[in-house]
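A.B. asks: Compute the structure for the input listed below.
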Amino acid sequence: MVKKVSKNTQKKVKRKLSKGIIYIKSNFNNTIITLTNLKGDAIAWSSSGSCGFKGARKGTPFAAKIAIETILKRCFDFGIKQIKILINGPGPGRETVIRSLQKGGLQIMLIRDMTPIPHNGCRPPKKRRI
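C.D. replies: Here you go, the predicted structure:
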């Protein structure tokens, strides 16, 4: 059986937005950046791994900088001028990403750190003895 492919494939319509939210999840192994609209629908994403870095180099500030530059290009494609930044995690790419966004020419409305902090939660692992 041969399936017919319809020729009426619709082209994706690019939406023009003025505001967006950038979520940054930075841990010690990778930095994942997601661009959303104000509702929270993902528009674009990038990570250090998707930019071609492998292994321990994914967790470096330079890899995070390359990932945010790809997101900045997408911001300008969509016409985004104002952004809110929500950061999560203790990784080394956090400060580099914020600096790159400030230099990128976007107006930053909010920077919020959403890193979870334990309020005397789980018992920590016992101390290493070497």
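
A.B. asks: drop to CA atoms for contacts and neighbour counts, all remaining ones
C.D. replies: Noted.

A.B. asks: ok now do Ala63, which residues does it touch?
C.D. replies: Taking CA atoms under 8 Å, 6 or more residues apart in numbering, we find Ala63 in contact with 31, 48, 51, 53, 57, 93.

A.B. asks: looking at these, which has the most residues close by?
C.D. replies: Among these, Thr31 has the most neighbours (other CA atoms under 10 Å), with 29 neighbours.

A.B. asks: so what's that one up against?
C.D. replies: Applying CA under 8 Å, 6+ apart, we find Thr31 in contact with 24-25, 47-48, 58-59, 63-64, 91, 93.

A.B. asks: Leu110: which of these is nearest?
C.D. replies: Ile24 (13.2 Å; CA to CA).

A.B. asks: Now name the helix or strand holding the closest one.
C.D. replies: Taking DSSP states H and E as the definition, Ile24 sits inside strand 19-26.

A.B. asks: Could you pull up the mean pLDDT of that strand?
C.D. replies: Strand 19-26 shows a mean pLDDT of 94.

A.B. asks: What is the nearest of the contacts of Thr31 to Pro125?
C.D. replies: When the contacts of Thr31 are compared for distance to Pro125 (CA to CA), Gly91 wins out at 20.4 Å.

A.B. asks: about what we covered before: most neighbours, which of the contacts of Thr31?
C.D. replies: Per-residue neighbour counts (other CA under 10 Å) across the contacts of Thr31 peak at Ala64, which has 32 neighbours.

A.B. asks: Give me the nearest residue to that one, chain neighbours excluded.
C.D. replies: Closest residue to Ala64 apart from its sequence neighbours, by CA to CA, 6 or more residues apart in numbering: Gly93 at 5.3 Å.

A.B. asks: can you pull the contacts of that neighbour?
C.D. replies: Taking CA under 8 Å, 6+ apart, we find Gly93 in contact with 26, 31, 59-65.
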